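>>> Here's a sequence, model it:
(one chain, ligands or ions: 1)
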Amino acid sequence: MIIRSPIVVTMDGSPVNNGAVVVTEDRIVDVGQFDQIRARNSGEIFDLGERAILPGLINAHCHLDYTCLRGKIPPQRSFTDWIRAINAQKSELSPEDYVASIKEGFAEAKRFGTTTIADLTAFPELIPDIPVPIRTWWFAELIDIRAPEHANEIVDSAIESVRSSPEFAASSPVSKRFRRRGIAALQTASWGLAPHALFTASKNLFKRCEEIAEREHVLLTTHLAESREEMEMFREGSGPLYEFLEGIGRPMDDCGNKTPLQVFVGASGSRPLPWIVAHLNELTEGDFGLLQQFNPKFHIVHCPRSHDYFEHSPFELDRVRSLGFNVCLGTDSLASNDTLSLFDEMRAFQKQFPTVSGEEILKMVTANPARALHQENALGKIRSGAFADLIAVPVNGPGLFEEIVAFTGEPWMMMAGRVQ
Ligand SMILES: [Zn+2]
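All right, here's what the predicted structure looks like:
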(Lines give C-alpha, C1' and ligand atoms only; values in the text may rest on other atoms or scores of the structure.)
Protein backbone atom coordinates (compact mmCIF):
# COMPACT_ATOMS: atom_id res chain seq x y z
CA MET A 1 0.00 0.00 0.00
CA ILE A 2 1.24 3.49 -0.87
CA ILE A 3 0.05 6.08 1.64
CA ARG A 4 0.10 9.58 0.19
CA SER A 5 0.34 12.64 2.44
CA PRO A 6 1.07 16.34 1.84
CA ILE A 7 3.71 16.13 4.62
CA VAL A 8 5.52 13.04 5.85
CA VAL A 9 6.90 13.84 9.30
CA THR A 10 9.57 11.17 9.46
CA MET A 11 11.30 12.24 12.73
CA ASP A 12 14.33 10.91 10.85
CA GLY A 13 15.44 14.08 9.07
CA SER A 14 13.37 16.86 7.54
CA PRO A 15 9.67 16.37 6.79
CA VAL A 16 8.97 15.40 3.17
CA ASN A 17 6.49 17.59 1.28
CA ASN A 18 4.11 15.86 -1.15
CA GLY A 19 5.35 12.55 0.18
CA ALA A 20 4.39 8.93 0.49
CA VAL A 21 5.06 5.93 2.69
CA VAL A 22 5.02 2.39 1.30
CA VAL A 23 3.82 -0.34 3.64
CA THR A 24 4.19 -4.09 3.10
CA GLU A 25 2.89 -6.51 5.73
CA ASP A 26 3.64 -4.78 9.05
CA ARG A 27 6.62 -2.71 7.84
CA ILE A 28 7.52 0.50 6.12
CA VAL A 29 9.50 -0.43 3.02
CA ASP A 30 9.97 2.94 1.33
CA VAL A 31 9.48 6.63 2.07
CA GLY A 32 10.06 9.76 -0.02
CA GLN A 33 8.44 12.13 -2.50
CA PHE A 34 5.23 10.84 -4.00
CA ASP A 35 6.35 10.95 -7.66
CA GLN A 36 9.54 9.04 -6.95
CA ILE A 37 7.77 6.57 -4.70
CA ARG A 38 5.17 5.88 -7.37
CA ALA A 39 7.88 5.38 -10.01
CA ARG A 40 9.56 2.64 -7.98
CA ASN A 41 6.59 0.98 -6.24
CA SER A 42 3.33 -0.49 -7.40
CA GLY A 43 0.19 -1.04 -5.38
CA GLU A 44 -2.96 0.60 -4.13
CA ILE A 45 -2.69 4.32 -3.29
CA PHE A 46 -4.36 5.54 -0.11
CA ASP A 47 -4.62 9.34 -0.04
CA LEU A 48 -4.66 10.97 3.41
CA GLY A 49 -5.93 14.28 1.99
CA GLU A 50 -4.78 17.26 4.06
CA ARG A 51 -3.34 15.16 6.86
CA ALA A 52 0.32 14.95 7.86
CA ILE A 53 1.52 11.44 8.56
CA LEU A 54 3.81 10.81 11.51
CA PRO A 55 5.07 7.90 13.61
CA GLY A 56 2.59 6.53 16.13
CA LEU A 57 3.15 7.97 19.61
CA ILE A 58 4.98 6.15 22.41
CA ASN A 59 3.97 6.51 26.06
CA ALA A 60 7.15 5.85 28.06
CA HIS A 61 5.51 5.55 31.50
CA CYS A 62 2.01 4.69 32.59
CA HIS A 63 -0.02 2.45 34.88
CA LEU A 64 -3.14 1.25 33.07
CA ASP A 65 -4.09 -0.60 36.28
CA TYR A 66 -5.48 2.67 37.62
CA THR A 67 -7.47 3.92 34.61
CA CYS A 68 -10.62 3.38 36.70
CA LEU A 69 -9.34 5.86 39.33
CA ARG A 70 -9.76 8.89 37.05
CA GLY A 71 -11.09 11.77 39.13
CA LYS A 72 -11.26 9.66 42.28
CA ILE A 73 -8.32 11.21 44.17
CA PRO A 74 -8.23 14.99 44.48
CA PRO A 75 -4.76 16.52 45.03
CA GLN A 76 -3.61 15.77 48.57
CA ARG A 77 -1.57 17.77 51.07
CA SER A 78 1.39 15.48 50.63
CA PHE A 79 2.71 12.69 48.39
CA THR A 80 2.37 10.36 51.38
CA ASP A 81 -1.32 11.25 51.75
CA TRP A 82 -1.77 10.42 48.07
CA ILE A 83 -0.21 6.97 48.69
CA ARG A 84 -2.68 6.47 51.54
CA ALA A 85 -5.56 7.58 49.31
CA ILE A 86 -4.64 5.30 46.39
CA ASN A 87 -4.12 2.37 48.78
CA ALA A 88 -7.65 2.94 50.13
CA GLN A 89 -9.05 2.97 46.58
CA LYS A 90 -7.09 -0.15 45.61
CA SER A 91 -8.46 -2.10 48.55
CA GLU A 92 -11.91 -1.82 46.93
CA LEU A 93 -10.84 -3.27 43.57
CA SER A 94 -11.04 -6.90 42.43
CA PRO A 95 -8.90 -8.61 39.76
CA GLU A 96 -11.87 -8.25 37.36
CA ASP A 97 -11.90 -4.50 38.02
CA TYR A 98 -8.21 -4.30 37.15
CA VAL A 99 -8.65 -6.28 33.93
CA ALA A 100 -11.48 -3.92 32.90
CA SER A 101 -9.38 -0.91 33.92
CA ILE A 102 -6.37 -2.00 31.86
CA LYS A 103 -8.51 -2.77 28.81
CA GLU A 104 -10.19 0.62 29.08
CA GLY A 105 -6.77 2.27 29.37
CA PHE A 106 -5.48 0.54 26.25
CA ALA A 107 -8.55 1.66 24.30
CA GLU A 108 -8.16 5.27 25.43
CA ALA A 109 -4.43 5.42 24.75
CA LYS A 110 -4.98 4.00 21.28
CA ARG A 111 -7.84 6.37 20.50
CA PHE A 112 -5.48 9.33 21.05
CA GLY A 113 -2.75 8.04 18.76
CA THR A 114 -0.55 5.94 21.05
CA THR A 115 0.77 2.90 19.20
CA THR A 116 3.36 1.79 21.79
CA ILE A 117 3.09 1.85 25.55
CA ALA A 118 5.42 1.09 28.46
CA ASP A 119 2.96 -0.08 31.09
CA LEU A 120 3.85 -0.86 34.69
CA THR A 121 1.46 -3.38 36.14
CA ALA A 122 1.32 -4.44 39.75
CA PHE A 123 -0.62 -7.52 38.60
CA PRO A 124 1.57 -9.52 36.20
CA GLU A 125 -0.69 -12.52 36.84
CA LEU A 126 -3.42 -10.70 34.87
CA ILE A 127 -1.32 -10.24 31.71
CA PRO A 128 -2.43 -13.56 30.13
CA ASP A 129 -6.07 -12.36 30.35
CA ILE A 130 -5.48 -9.14 28.44
CA PRO A 131 -5.04 -8.98 24.66
CA VAL A 132 -2.88 -6.02 23.66
CA PRO A 133 -4.34 -3.73 20.96
CA ILE A 134 -1.09 -1.75 20.63
CA ARG A 135 2.62 -2.58 21.01
CA THR A 136 3.18 -3.09 24.71
CA TRP A 137 6.08 -3.39 27.08
CA TRP A 138 4.63 -4.99 30.18
CA PHE A 139 6.80 -4.05 33.16
CA ALA A 140 6.07 -6.19 36.21
CA GLU A 141 5.93 -3.66 39.06
CA LEU A 142 7.48 -5.19 42.14
CA ILE A 143 7.27 -4.27 45.81
CA ASP A 144 8.69 -6.25 48.74
CA ILE A 145 8.24 -3.70 51.50
CA ARG A 146 6.29 -6.13 53.69
CA ALA A 147 8.49 -9.16 52.93
CA PRO A 148 12.03 -8.14 51.91
CA GLU A 149 13.26 -11.62 52.84
CA HIS A 150 11.20 -12.92 49.89
CA ALA A 151 12.62 -10.52 47.26
CA ASN A 152 13.87 -13.26 44.95
CA GLU A 153 10.64 -15.23 45.07
CA ILE A 154 8.60 -12.11 44.37
CA VAL A 155 10.65 -11.39 41.24
CA ASP A 156 10.69 -15.00 40.05
CA SER A 157 6.97 -15.51 40.52
CA ALA A 158 6.22 -12.30 38.56
CA ILE A 159 8.37 -13.55 35.69
CA GLU A 160 6.59 -16.88 35.73
CA SER A 161 3.24 -15.07 35.45
CA VAL A 162 4.45 -12.93 32.58
CA ARG A 163 5.86 -15.93 30.75
CA SER A 164 2.59 -17.83 30.99
CA SER A 165 1.06 -15.28 28.62
CA PRO A 166 0.50 -16.79 25.15
CA GLU A 167 2.08 -13.69 23.63
CA PHE A 168 5.45 -14.60 25.06
CA ALA A 169 5.17 -18.30 24.39
CA ALA A 170 4.54 -18.03 20.65
CA SER A 171 7.50 -17.58 18.35
CA SER A 172 7.32 -14.29 16.59
CA PRO A 173 6.17 -14.42 12.98
CA VAL A 174 8.56 -12.58 10.69
CA SER A 175 8.44 -13.04 6.95
CA LYS A 176 11.40 -14.34 4.91
CA ARG A 177 11.57 -11.01 3.13
CA PHE A 178 12.52 -9.24 6.39
CA ARG A 179 14.65 -12.08 7.75
CA ARG A 180 16.79 -11.83 4.61
CA ARG A 181 17.31 -8.13 5.29
CA GLY A 182 18.43 -8.90 8.81
CA ILE A 183 15.48 -7.16 10.46
CA ALA A 184 14.70 -8.86 13.73
CA ALA A 185 11.22 -9.76 14.83
CA LEU A 186 9.52 -7.70 17.48
CA GLN A 187 6.48 -9.18 19.06
CA THR A 188 3.52 -6.99 19.80
CA ALA A 189 4.18 -7.54 23.48
CA SER A 190 7.51 -7.53 25.32
CA TRP A 191 8.23 -7.59 29.02
CA GLY A 192 10.54 -5.99 31.53
CA LEU A 193 10.91 -5.48 35.27
CA ALA A 194 9.98 -2.49 37.43
CA PRO A 195 11.19 -2.49 41.00
CA HIS A 196 8.60 0.12 42.07
CA ALA A 197 10.86 2.63 43.87
CA LEU A 198 13.73 2.71 46.33
CA PHE A 199 11.29 3.29 49.17
CA THR A 200 9.14 0.21 48.41
CA ALA A 201 11.60 -2.26 46.85
CA SER A 202 14.65 -3.58 48.70
CA LYS A 203 18.23 -3.49 47.50
CA ASN A 204 18.01 -7.26 46.99
CA LEU A 205 14.94 -6.91 44.82
CA PHE A 206 16.74 -4.33 42.65
CA LYS A 207 19.73 -6.67 42.44
CA ARG A 208 17.63 -9.66 41.40
CA CYS A 209 15.89 -7.62 38.71
CA GLU A 210 19.23 -6.45 37.36
CA GLU A 211 20.62 -9.98 37.22
CA ILE A 212 17.59 -11.10 35.25
CA ALA A 213 17.73 -8.08 32.93
CA GLU A 214 21.34 -8.97 32.07
CA ARG A 215 20.55 -12.63 31.57
CA GLU A 216 17.30 -12.24 29.61
CA HIS A 217 18.08 -8.95 27.83
CA VAL A 218 14.98 -7.24 29.14
CA LEU A 219 14.50 -3.60 30.13
CA LEU A 220 14.26 -2.13 33.63
CA THR A 221 12.27 0.82 34.89
CA THR A 222 11.67 2.46 38.26
CA HIS A 223 10.40 5.63 39.96
CA LEU A 224 13.29 7.72 41.27
CA ALA A 225 13.63 11.00 43.16
CA GLU A 226 10.01 11.85 42.46
CA SER A 227 8.94 13.84 45.53
CA ARG A 228 10.39 16.21 48.11
CA GLU A 229 9.27 13.68 50.73
CA GLU A 230 11.39 10.95 49.12
CA MET A 231 14.41 13.28 49.23
CA GLU A 232 13.66 14.15 52.88
CA MET A 233 13.32 10.49 53.80
CA PHE A 234 16.63 9.37 52.31
CA ARG A 235 18.71 12.46 53.03
CA GLU A 236 17.38 13.56 56.41
CA GLY A 237 15.83 10.37 57.73
CA SER A 238 12.60 12.23 58.53
CA GLY A 239 9.34 13.54 57.12
CA PRO A 240 5.89 12.15 56.29
CA LEU A 241 7.07 9.41 53.91
CA TYR A 242 9.74 8.27 56.41
CA GLU A 243 7.19 8.08 59.21
CA PHE A 244 4.59 6.31 57.09
CA LEU A 245 7.01 3.64 55.87
CA GLU A 246 8.62 3.16 59.28
CA GLY A 247 5.09 2.69 60.61
CA ILE A 248 4.42 -0.21 58.24
CA GLY A 249 7.68 -1.92 59.14
CA ARG A 250 10.12 -0.94 56.38
CA PRO A 251 13.74 -1.23 57.59
CA MET A 252 14.92 2.41 57.55
CA ASP A 253 18.67 1.88 57.85
CA ASP A 254 19.30 3.23 54.32
CA CYS A 255 17.90 6.63 55.34
CA GLY A 256 19.60 9.70 56.81
CA ASN A 257 22.63 10.52 54.68
CA LYS A 258 22.16 9.91 50.97
CA THR A 259 20.04 11.40 48.19
CA PRO A 260 17.72 9.04 46.30
CA LEU A 261 20.10 9.12 43.32
CA GLN A 262 23.03 8.14 45.57
CA VAL A 263 20.98 5.27 47.00
CA PHE A 264 20.07 4.18 43.46
CA VAL A 265 23.73 4.11 42.45
CA GLY A 266 24.47 2.06 45.57
CA ALA A 267 21.62 -0.35 44.86
CA SER A 268 22.31 -0.58 41.17
CA GLY A 269 26.12 -0.73 41.19
CA SER A 270 28.08 0.56 38.24
CA ARG A 271 27.12 -2.00 35.58
CA PRO A 272 25.64 -0.57 32.38
CA LEU A 273 22.01 -1.63 32.56
CA PRO A 274 19.00 -0.70 30.44
CA TRP A 275 17.26 1.58 32.96
CA ILE A 276 14.33 3.85 32.13
CA VAL A 277 13.98 6.18 35.11
CA ALA A 278 10.70 7.96 35.77
CA HIS A 279 10.57 11.46 37.29
CA LEU A 280 13.97 12.53 38.70
CA ASN A 281 12.51 15.77 40.03
CA GLU A 282 14.60 15.97 43.18
CA LEU A 283 18.30 16.42 42.50
CA THR A 284 21.01 18.14 44.56
CA GLU A 285 24.09 19.83 43.11
CA GLY A 286 26.05 16.73 44.10
CA ASP A 287 23.56 14.59 42.17
CA PHE A 288 24.30 16.51 38.97
CA GLY A 289 27.97 15.59 39.41
CA LEU A 290 26.91 11.98 39.79
CA LEU A 291 24.70 12.16 36.70
CA GLN A 292 27.65 13.42 34.70
CA GLN A 293 29.55 10.23 35.49
CA PHE A 294 26.85 7.83 34.29
CA ASN A 295 28.08 5.95 31.25
CA PRO A 296 26.02 4.91 29.45
CA LYS A 297 23.26 7.26 30.53
CA PHE A 298 19.91 5.87 31.59
CA HIS A 299 16.75 7.25 29.96
CA ILE A 300 14.48 9.70 31.80
CA VAL A 301 10.67 9.95 31.65
CA HIS A 302 9.01 13.21 32.64
CA CYS A 303 5.23 13.10 33.26
CA PRO A 304 4.14 16.76 32.94
CA ARG A 305 0.53 16.56 34.13
CA SER A 306 1.25 14.17 37.00
CA HIS A 307 4.10 16.54 37.92
CA ASP A 308 1.64 19.47 38.04
CA TYR A 309 -0.88 17.44 40.05
CA PHE A 310 1.69 16.70 42.79
CA GLU A 311 3.32 20.16 42.56
CA HIS A 312 6.75 18.54 42.47
CA SER A 313 9.95 20.60 42.31
CA PRO A 314 10.69 21.90 38.80
CA PHE A 315 12.02 19.26 36.40
CA GLU A 316 15.57 20.26 35.41
CA LEU A 317 15.12 19.62 31.70
CA ASP A 318 17.98 21.79 30.42
CA ARG A 319 20.51 20.42 32.87
CA VAL A 320 19.74 16.74 32.30
CA ARG A 321 19.63 17.24 28.55
CA SER A 322 22.94 19.10 28.54
CA LEU A 323 24.44 16.12 30.39
CA GLY A 324 23.35 13.90 27.49
CA PHE A 325 20.27 12.25 28.99
CA ASN A 326 17.50 11.15 26.66
CA VAL A 327 14.20 12.65 27.87
CA CYS A 328 10.82 11.06 27.06
CA LEU A 329 7.25 11.87 28.12
CA GLY A 330 4.75 9.66 29.92
CA THR A 331 1.23 10.07 31.20
CA ASP A 332 1.68 8.25 34.52
CA SER A 333 -1.66 6.90 35.76
CA LEU A 334 -5.15 8.38 35.86
CA ALA A 335 -4.84 8.42 39.67
CA SER A 336 -2.82 11.64 39.07
CA ASN A 337 -3.84 12.65 35.53
CA ASP A 338 -7.02 13.24 33.49
CA THR A 339 -6.45 11.43 30.20
CA LEU A 340 -4.07 9.03 28.50
CA SER A 341 -3.62 11.38 25.53
CA LEU A 342 0.00 12.12 24.68
CA PHE A 343 -1.20 15.19 22.76
CA ASP A 344 -2.55 16.54 26.08
CA GLU A 345 0.77 15.60 27.66
CA MET A 346 2.77 17.44 24.98
CA ARG A 347 0.67 20.57 25.54
CA ALA A 348 1.19 20.40 29.32
CA PHE A 349 4.92 20.06 28.68
CA GLN A 350 4.82 23.07 26.34
CA LYS A 351 3.27 25.16 29.13
CA GLN A 352 6.08 24.12 31.49
CA PHE A 353 8.81 24.68 28.88
CA PRO A 354 7.52 27.28 26.39
CA THR A 355 10.92 27.72 24.72
CA VAL A 356 11.20 24.09 23.61
CA SER A 357 10.22 23.67 19.94
CA GLY A 358 7.26 21.59 18.79
CA GLU A 359 9.68 19.29 16.97
CA GLU A 360 11.68 18.62 20.15
CA ILE A 361 8.44 17.93 22.03
CA LEU A 362 7.24 15.49 19.37
CA LYS A 363 10.60 13.68 19.62
CA MET A 364 9.86 13.04 23.30
CA VAL A 365 6.89 10.86 22.31
CA THR A 366 8.43 9.24 19.22
CA ALA A 367 12.17 8.92 18.54
CA ASN A 368 13.31 9.42 22.17
CA PRO A 369 11.15 6.71 23.79
CA ALA A 370 11.97 4.39 20.87
CA ARG A 371 15.63 4.74 21.94
CA ALA A 372 14.70 4.11 25.57
CA LEU A 373 12.99 0.88 24.48
CA HIS A 374 16.06 -0.06 22.41
CA GLN A 375 13.99 0.16 19.21
CA GLU A 376 15.46 3.21 17.54
CA ASN A 377 15.39 1.67 14.04
CA ALA A 378 12.04 -0.08 14.45
CA LEU A 379 9.77 2.47 16.19
CA GLY A 380 9.30 6.22 16.54
CA LYS A 381 10.49 7.07 13.02
CA ILE A 382 9.17 6.73 9.48
CA ARG A 383 12.00 4.92 7.74
CA SER A 384 12.49 1.83 5.65
CA GLY A 385 12.43 -1.29 7.83
CA ALA A 386 10.55 0.31 10.74
CA PHE A 387 7.16 -0.96 11.87
CA ALA A 388 4.17 0.57 10.10
CA ASP A 389 2.73 2.08 13.29
CA LEU A 390 1.53 5.43 11.95
CA ILE A 391 -0.90 8.22 12.70
CA ALA A 392 -2.14 11.21 10.71
CA VAL A 393 -3.53 14.58 11.80
CA PRO A 394 -4.93 17.51 9.81
CA VAL A 395 -2.51 20.33 9.01
CA ASN A 396 -3.17 23.39 6.94
CA GLY A 397 -0.62 26.08 7.55
CA PRO A 398 2.92 26.90 8.56
CA GLY A 399 4.18 25.92 11.99
CA LEU A 400 3.85 22.21 11.27
CA PHE A 401 5.10 20.87 14.60
CA GLU A 402 3.18 23.42 16.65
CA GLU A 403 0.05 22.40 14.76
CA ILE A 404 0.69 18.74 15.53
CA VAL A 405 1.21 19.46 19.24
CA ALA A 406 -2.02 21.52 19.25
CA PHE A 407 -4.07 18.68 17.73
CA THR A 408 -7.14 17.65 19.71
CA GLY A 409 -9.28 14.75 18.65
CA GLU A 410 -8.67 11.24 17.43
CA PRO A 411 -6.05 10.80 14.72
CA TRP A 412 -6.18 8.41 11.76
CA MET A 413 -4.16 5.35 12.70
CA MET A 414 -2.37 2.39 11.17
CA MET A 415 -1.14 -0.28 13.60
CA ALA A 416 1.37 -2.89 12.38
CA GLY A 417 0.41 -2.21 8.75
CA ARG A 418 -3.35 -2.29 9.29
CA VAL A 419 -5.62 0.74 9.09
CA GLN A 420 -7.57 0.89 12.36
ZN1 LIG B 1 4.46 5.93 37.78
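>>> which is the next helix or strand following the helix-or-strand element of the chain with minimal mean pLDDT?
The weakest-scoring helix or strand in the chain, judged by mean pLDDT, DSSP states H and E, is helix 176-180 (a mean of 48). Once helix 176-180 ends, the next helix or strand along the chain (criterion: DSSP states H and E) is strand 189-195.
>>> Give me the contact list for that next one.
118, 120, 132, 135-142, 155, 158-159, 162, 165, 167-168, 201, 205-206, 209, 212-213, 218-222 (CB atoms under 8 Å, 6 or more residues apart in numbering). C-beta: built from backbone N, CA, C; applies to glycine.
>>> and if we set it to 7 Å?
Strand 189-195 is contacted by residues 120, 132, 136-142, 155, 162, 167-168, 201, 205-206, 209, 212-213, 218-222 when judged by CB atoms under 7 Å, 6 or more residues apart in numbering.
>>> Quick check: can you name the pairing partners of it and their directions?
Strand 189-195 pairs in its sheet with strand 135-142 (parallel), strand 219-224 (parallel), by DSSP bridges.
>>> Kindly present those as CSV, with separate columns for mean neighbour count, distance to T408 and mean pLDDT.
Below are the strands paired with strand 189-195 laid out as CSV (neighbours: other CB atoms under 10 Å; distance: least, CB to CB, whole Å; pLDDT from 0 to 100):
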stretch, mean neighbour count, distance to T408, mean pLDDT
strand 135-142, 26, 24, 96
strand 219-224, 24, 29, 97
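>>> Looking at those strands, spot the one closest to E104.
With respect to E104, and counting by CB to CB, the nearest of the strands paired with strand 189-195 is strand 135-142 at 14.7 Å.
>>> Now the element after that closest one, going C-ward?
helix 151-163.
>>> What separation is there between the residue nearest to V16 when sequence neighbours are not counted and S14?
Nearest residue to V16, sequence neighbours excluded (CB to CB, 6 or more residues apart in numbering): V8, at 4.3 Å. Look at V8 and S14: by CB to CB, to the nearest Å, they are 10 Å apart.
>>> any idea where the helices of the stretch 251-400 of the chain begin and end?
According to DSSP state H, counting those that start in this stretch, the stretch 251-400 of the chain carries its helices in the segments 260-268, 285-293, 304-310, 317-322, 342-352, 358-363, 367-372, 400-405.
>>> Could you say which of these is packed most deeply?
Of all the helices of the stretch 251-400 of the chain, helix 367-372 has the most neighbours on average by mean count of other CB atoms under 10 Å, namely a mean of 24.
>>> quick one: contacts of that one?
Counting by CB under 7 Å, 6+ apart, M11, I58, A60, I276, H299, N326, V327, C328, E376, L379, G380, K381 sit against helix 367-372.
>>> re the thing from before, dump the strands paired with strand 189-195 to a markdown table, plus distance to S333.
Listed next are the strands paired with strand 189-195 as a markdown table, based on distance: least, CB to CB, whole Å:
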| stretch | distance to S333 |
| --- | --- |
| strand 135-142 | 11 |
| strand 219-224 | 11 |
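>>> Indicate which one of the ones you listed is closest to D47.
Checking the strands paired with strand 189-195 against D47 by CB to CB gives strand 135-142 as the closest, at 26.2 Å.
>>> Return the per-residue confidence for L273.
Looking at L273, its pLDDT reads 86.
>>> How about the one 5 residues further on?
Per-residue confidence at A278 stands at 98 (pLDDT).
>>> who are the neighbours in contact with it?
Contacts of A278 by CB under 7 Å, 6+ apart are H61, T221, T222, H223, L224, V301, C303, G330.
>>> would you turn these into a markdown table with distance to D81?
As requested, those are exported to a markdown table (distance: CB to CB, whole Å):
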| residue | distance to D81 |
| --- | --- |
| H61 | 22 |
| T221 | 25 |
| T222 | 22 |
| H223 | 17 |
| L224 | 21 |
| V301 | 24 |
| C303 | 19 |
| G330 | 23 |
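>>> ok, back up a step: more neighbours: V8 and S14, which one.
The neighbour count for V8 versus S14, taken as other CB atoms under 10 Å, is higher for V8 (28 against 8).
>>> Any regions of this structure where pLDDT drops low?
For the chain, the stretches with pLDDT under 70 are 169-187, 268-271.
>>> how does it divide into domains?
If you go by automatic domain parsing, the domain ranges for the chain are 1-56+380-420, 57-375.
>>> State the distance spanning the first to the last residue of the last one.
If I follow you right, that is domain 57-375. In domain 57-375, first residue to last residue: 13 Å (CA to CA, to the nearest Å).
>>> Also stretch 42-60?
Using CA to CA, the end-to-end distance of stretch 42-60 comes out at 36 Å.
>>> what do you get for stretch 299-316?
The first and last residues of stretch 299-316 sit 14 Å apart, counting by CA to CA.
>>> ok, the residue most central in space within the chain to V320 distance?
Centroid-nearest residue in the chain: A60, 1.2 Å away (criterion: CA atoms, centre = their mean). Per CB to CB, A60 is found 14 Å from V320.
>>> can you check I58 too?
According to CB to CB, I58 and V320 sit 19 Å apart.
>>> show me what contacts the residue lying closest to D287 once chain neighbours are set aside?
Nearest non-adjacent residue to D287, counting by CB to CB, 6+ apart: L261, 4.5 Å away. Residues near L261 by CB under 7 Å, 6+ apart: L224, A225, L283, D287, L290.
>>> Recalculate using a threshold of 6 Å.
L261 makes contact with A225, D287, L290 under the criterion CB atoms under 6 Å, 6 or more residues apart in numbering.
>>> and what of C303?
By CB under 6 Å, 6+ apart, C303 lies in contact with G330, D332.
>>> Do a quick rundown of the strands in the stretch 1-150 of the chain.
Along the stretch 1-150 of the chain, counting by DSSP state E, counting those that start in this stretch, strands occupy 2-8, 16-24, 27-33, 45-47, 51-55, 57-62, 114-121, 135-142.
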